[in-house]
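Chemist: Predicted model and sequence follow; I will ask about them next.
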Amino acid sequence: MEKTVQNFGDKYEKCPMYYTMSILEGKWKWIILWEISRAGVIRYNRLRELLKPIAHKTLSQQLKELESNNIIHREQYNEVPPKVEYSLTKEGESVIPILSLMYQWGKEHRLEGEVLDDGSCMNA
């Protein structure tokens, strides 16, 4: 009997875990989500200030991707100067417990002697 080789796309791209990771992948997305979660509603400039040294282009791109995946909501007000606020959608709120579990896992499984953050990265 001949064995067939499944290509990556057929095997994994429809996997729920692959989908979840594709939403969260990127250096900044989980941090962006965490900061929006902490704030409830946050303006673009405040978010950028919290995430220094993130580049404007990077933050804008990550926010657009999160918005297109219905993880965050973008509210633009017709004001001068322009006012834009971000908040989590219900789907975005459902990601926060996953981030908390990832924090806990990292805390429990760090390498012996490895110094990690004392928790301030996840606290207000």
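Modeler: Good, I have the coordinates.
Chemist: Now do the contacts for Ser87.
Modeler: By C-beta atoms under 8 Å, 6 or more residues apart in numbering, the contact list for Ser87 reads Ile36, Gly40, Val41, Ile42, Ile72, His73, Glu75. To be clear about C-beta, it is placed using only N, CA and C from the backbone, and glycine gets the same treatment.
Chemist: repeat that for 6 Å
Modeler: By C-beta atoms under 6 Å, 6 or more residues apart in numbering, the residues touching Ser87 are Val41, His73.
Chemist: All the strands of the chain, in order from the start?
Modeler: 41-43, 72-77, 83-88 (DSSP state E).
Chemist: Please identify the most buried of the ones you listed.
Modeler: strand 83-88 (a mean of 17; mean count of other C-beta atoms under 10 Å).
Chemist: Now it: average pLDDT?
Modeler: The average pLDDT for strand 83-88 rounds to 97.
Chemist: Thank you kindly, that will do.
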